[in-house]
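Chemist: coords below, sequence missing:
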């Protein structure tokens with residue numbers, strides 16, 4: 001073979017190899033990527049620490065209706081929905097409803113000041129490294145996941161919740177007696 005043919009053959013082989021390596025890397029990255037949990041999916045389990053430093057996990061709440069609310073103290077819509085979440089927890093805690101506020105990447109001091117200011121009566125879990133935010137692919141906040149006693153997601157709400165909206169969702173999730 002002359003030099004020109006060898007050059008083109010090598011170039012073609014190199015191009016094919018680079019393409020195959022690129023495709024393989026793309027597939028590996030796709031496999032590692034999770035999809036955002038949707039209504040009907042089992043809620044992904046996670047472990048965090050509570051505001052008082054105790055280890056907590058979503059698995060611990062299995063058997064209860066769980067309202068997971070993702071918030072930050074700097075988020076104005078988060079502030080507007082806190083009284084409704086506090087009231088729902090007050091009304092329905094005895095019926096097995098758990099409201100859990102997932103604080104996104106703030107300090108304990110900031111979260112504690114917020115809890116005191118808004119007189120929050122439900123547990124606050126600290127997502128310091130945004131691991132759960134990434135796991136649930138949280139975009140806008142507040143975002144709220146409603147999880148039934150079997151661990152299945154029954155509703156997802158992005159944006160602030162009103163008390164009547166919360167009550168309707170909670171009542172639909174309570175066991176029928």
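Modeler: Happy to help now that I have it. Please read these numbers as outputs of a predicted model, since none were measured by experiment.

Chemist: for the record, mean pLDDT for the longest helix seen in the chain?
Modeler: Using DSSP state H, we find that the single longest helix of the chain is helix 3-32. In this model, helix 3-32 has a mean pLDDT of 79.

Chemist: what of stretch 141-157?
Modeler: 97.

Chemist: circling back: buried sites along the very next helix or strand once past the longest helix of the chain?
Modeler: With elements assigned by DSSP states H and E, the helix or strand that comes after helix 3-32 is strand 47-50. Neighbour counts over strand 47-50 (16 or more other CB atoms under 10 Å) mark residue 48 as buried. Quick note: C-beta positions are derived from backbone N, CA and C, even for glycine.

Chemist: what's strand 47-50 in contact with?
Modeler: Strand 47-50 is contacted by residues 55, 56, 57, 102, 123, 124, 125, 126, 127, 131, 132 when judged by CB atoms under 8 Å, 6 or more residues apart in numbering.

Chemist: now do 6 Å
Modeler: Applying CB atoms under 6 Å, 6 or more residues apart in numbering, the contact partners of strand 47-50 are 55, 56, 57, 123, 125, 126, 127.

Chemist: now distance to residue 81, neighbour count and secondary structure too, for those, in CSV please.
Modeler: Converted to CSV, the contacts of strand 47-50 look like this (distance: CB to CB, whole Å; neighbours: other CB atoms under 10 Å; DSSP: H, G, I helix; E, B strand; the rest coil):
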residue, distance to residue 81, neighbour count, secondary structure
55, 27, 10, strand
56, 22, 18, strand
57, 24, 12, strand
123, 16, 17, coil
125, 17, 22, strand
126, 19, 22, strand
127, 18, 21, strand
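
Chemist: now distance to residue 146 too, for those, in CSV please.
Modeler: Shown next, in CSV, are the contacts of strand 47-50 (distance: CB to CB, whole Å):
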residue, distance to residue 146
55, 24
56, 19
57, 18
123, 16
125, 16
126, 21
127, 18
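
Chemist: and of these, the nearest to residue 113?
Modeler: residue 126 (13.8 Å; CB to CB).

Chemist: do I have it right that the closest one meets residue 105?
Modeler: No: with contact defined as CB atoms under 6 Å, residue 126 does not count as touching residue 105 (8.7 Å).
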